[in-house]
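Participant: Everything below, folded, please.
(2 chains)
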There are 2 protein chains.
Amino acid sequence: MTRIGIIGYGNLGRGVEAAVKNTPDMELVAVFTRRDPASVKIRTAGVPVVAEADMEAWKDKVDVLVICGGSATDLPVQTPKYAKLFNVIDSFDTHAKIPEHFANVDAAAKAAGKIAMISVGWDPGMFSLNRVYAQSILLDGKDYTFWGKGVSQGHSDAVRRIKGVKNAKQYTCPVESAIEAARSGKNPELTTRQKHTRLCYVVLEDGADAAYVENAIKTMPNYFDEYDTTVNFISEEEFNKNHAGLAHGGFVIRSGKTGFDKENTHVIEYSLKLDSNPEFTASVLIAYARAAARMKAEGVTGCKTVFDVAPSYLSPLSAEELRAHCL
Amino acid sequence: MTRIGIIGYGNLGRGVEAAVKNTPDMELVAVFTRRDPASVKIRTAGVPVVAEADMEAWKDKVDVLVICGGSATDLPVQTPKYAKLFNVIDSFDTHAKIPEHFANVDAAAKAAGKIAMISVGWDPGMFSLNRVYAQSILLDGKDYTFWGKGVSQGHSDAVRRIKGVKNAKQYTCPVESAIEAARSGKNPELTTRQKHTRLCYVVLEDGADAAYVENAIKTMPNYFDEYDTTVNFISEEEFNKNHAGLAHGGFVIRSGKTGFDKENTHVIEYSLKLDSNPEFTASVLIAYARAAARMKAEGVTGCKTVFDVAPSYLSPLSAEELRAHCL
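Facilitator: The predicted structure is shown next:
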């Protein structure tokens, strides 16, 4: 049994708890929190909730610590910090800051003789993997990544910061004709506007100016100005009824050419359709936690990403079983 | 530069030659053949064609030997034989015999201090990988593999063996409604007949009995009797004009459930649409030849499959570049 600890009990932490419950070779041993432990009610009977300040006492009782904080401010601090005490895994998703995060976590994990895995999930994660596999096979080609339909937390937050907005959800929607163009194998150039649209559901404060809010959304630099955006104003009741979901998904498509004179075209496509973004991310984390425990047992230390992990490490099946049943 | 040798110059060998030509970090150093070398005209200028009997002299001049024989009789002999002299890679695709082939190749490669990779291509190969990734993430779920539309060599051969048949091509066709059912996330049970149909184009010998041939195809045990099969009789001219292609493809779909009470459903789909089955297989082989050379340089020996290879080994990019640009 691989002993799992969770730090951070939000949507992702709850997803990891559920994934461990449904994974026969894993057990949850503790949930760590910076809140008052007495205020955190978890679903798994008999598992303690422990204050973050008391984590060090658990360093020999946890095989892999799954760090479920946010990428903006939590993970850059927590992952290097806890890599000194535990084998750790996170889902750090600020793409531009991955090299810096990697360097910090690698130094901490190597010094402590621990293994760490960062940026594990679906993007970064499974989408990244599929980009590397497809690029390595079709050297001469072009990649397309489409996201959605799903909620973008960052864009929803940005809308909520506008004066007069009581609540908001922003859905990123891939444009079907752009997906078809990517699948055609003709390697079209697609602009940002052609690939995705943005769809907002907004609950206004009493007396707020709808026209002002709509304009503020549609013209917001970086977040919305390069997209075709639709803004729907709805009641709080409708918002709570229809927009609580965490569904997401997307597509990674690469087309490329082979042949002595590059005469043949191939299209590789990977897609996800997810009812729950955090639960799927948690399931990927748990598979890589299995890999981390195994690689550590073989003496591997330092920071790793999905690119460094052979697929066999992820599966509960033995190498013989995989060859006999999956190859 | 990784120095590549090819043994076997059929469709796959020619595909490997083309892939090496278009791969900056690889060079083709020799094509080995059991035919009279003078009778084999290859496309790459300046590369020798060498008799199979003279291969041993090349053992220090080739980094990876790509073995392009057939799975029925060539590879079970060639791969263990040449793993004693070279690092080797093959596309052995008789799924049921993989454990036996693995054991033979592993023993030979280990004894010689070489690395070998078997069953590299798309199925087995990329489809196998995607089955393992998806199964490892969604432990509670169901897999579906669909092939086509594409030519099945084995089924085409079986039709050609029927008395009265001059030439034949058999296309395996996935049933669109079955793919949609697999994608629905409802984990339907699909019979063999529901998943694929078989489509035959047959050129008859002069005076052959069409009704006899059609019945012989449709009732052939294992090959056709469990499928809905359509038989079209066509002229030799039409056959040569329209049925020379090597296009293929397929879909690997897994749907599964997550959540504390398994309340959420996810669908993972990987698909390929290939203009040329042998050229795509060759491109996968070349990516894994890169991995084989790198792993051998790190001291790895013995037989490996796609399950044992971390994705980073496949890419011409460095680990830093991959993290910065693909993660």
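Participant: Chain B contacts on the stretch 151-300 of chain A?
Facilitator: A:183, A:185, A:258-260, A:262, A:264-276, A:279-280, A:282-284, A:287, A:290 (Cβ under 8 Å from any Cβ of the partner chain). The C-beta positions use only the backbone N, C-alpha and C, and glycine is treated the same way.
Participant: From these, which land in helices?
Facilitator: A:Arg183, A:Glu279, A:Phe280, A:Ala282, A:Ser283, A:Val284, A:Ala287, A:Arg290 (DSSP state H).
Participant: So the helix or strand that contains A:Val31, near chain B or not?
Facilitator: Using DSSP states H and E, A:Val31 sits in strand A:26-33. No: figure legend: strand A:26-33 not in contact with chain B (Cβ under 8 Å from any Cβ); closest approach 10.1 Å.
Participant: Tell me the helix or strand right after that strand.
Facilitator: strand A:49-51.
Participant: ok, A:Asn87 touching A:Leu65?
Facilitator: Yes: if you go by Cβ atoms under 8 Å, A:Asn87 and A:Leu65 touch, sitting 6.9 Å apart.
Participant: neighbour count winner among these two?
Facilitator: More crowded of A:Asn87 and A:Leu65, by other Cβ atoms under 10 Å in any protein chain shown: A:Leu65, with 30 against 25.
Participant: Kindly state the beta-bridge partners for that one.
Facilitator: Beta-bridge partners recorded for A:Leu65 (DSSP bridges): A:Gly5, A:Val88.
Participant: just checking, what packs against the strand holding A:Val31?
Facilitator: strand A:2-7, helix A:11-21, strand A:49-51, helix A:277-297 (3 or more Cβ pairs under 8 Å, 6 or more residues apart in numbering or on different chains; DSSP states H and E).
Participant: With mean pLDDT, mean neighbour count and distance to B:Gln78 added, can I get those in TSV?
Facilitator: Shown next, in TSV, are these (pLDDT from 0 to 100; neighbours: other Cβ atoms under 10 Å in any protein chain shown; distance: least, Cβ to Cβ, whole Å):
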stretch	mean pLDDT	mean neighbour count	distance to B:Gln78
strand A:2-7	98	24	41
helix A:11-21	97	24	44
strand A:49-51	98	17	59
helix A:277-297	98	24	33
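Participant: As a markdown table, these with distance to B:Lys114 would be great.
Facilitator: Formatted as a markdown table, the helices and strands packed on strand A:26-33 follow (distance: least, Cβ to Cβ, whole Å):
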| stretch | distance to B:Lys114 |
| --- | --- |
| strand A:2-7 | 34 |
| helix A:11-21 | 40 |
| strand A:49-51 | 51 |
| helix A:277-297 | 25 |
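Participant: got the end-to-end distance for stretch A:52-62?
Facilitator: 14 Å (Cα to Cα, to the nearest Å).
Participant: Would you indicate which residues of it are buried?
Facilitator: Using 16 or more other Cβ atoms under 10 Å in any protein chain shown as the test for burial, stretch A:52-62 gives A:Met55, A:Trp58, A:Val62.
Participant: Over to stretch A:118-130?
Facilitator: Buried, per 16+ other Cβ under 10 Å, within stretch A:118-130: A:118-130.
Participant: and stretch A:129-145 with chain B, contact?
Facilitator: Yes: residues of stretch A:129-145 are located near chain B by Cβ under 8 Å from any Cβ, namely A:Leu129, A:Asn130, A:Arg131, A:Val132, A:Tyr133, A:Gln135, A:Ser136, A:Ile137, A:Leu138, A:Leu139, A:Asp140.
Participant: Quick one, which of those residues are buried?
Facilitator: Looks like these have A:Leu129, A:Asn130, A:Arg131, A:Val132, A:Tyr133, A:Gln135, A:Ser136, A:Ile137, A:Leu138, A:Leu139 buried, using 16+ other Cβ under 10 Å.
Participant: what's the nearest residue to the fifth one if we skip its chain neighbours?
Facilitator: I take that to be A:Tyr133. Closest residue to A:Tyr133 apart from its sequence neighbours, by Cβ to Cβ, 6 or more residues apart in numbering or on different chains: B:Pro311 at 6.0 Å.
Participant: measure A:Glu27 to chain B for me?
Facilitator: Distance, A:Glu27 to chain B, using Cβ to the nearest Cβ, to the nearest Å: 15 Å.
Participant: what separates the residue nearest to A:Tyr133 from A:Val284, distance-wise?
Facilitator: 14 Å (Cβ to Cβ, to the nearest Å).
Participant: go on, A:Leu12?
Facilitator: Where A:Val284 is concerned, A:Leu12 sits at a distance of 11 Å (Cβ to Cβ).
Participant: Could I get the contacting residues of the nearest residue to A:Asn11 once chain neighbours are set aside?
Facilitator: Closest residue to A:Asn11 apart from its sequence neighbours, by Cβ to Cβ, 6+ apart: A:Pro278 at 4.0 Å. By Cβ atoms under 8 Å, 6 or more residues apart in numbering or on different chains, the contact list for A:Pro278 reads A:Asn11, A:Leu12, A:Arg14, A:Gly15, A:Leu246.
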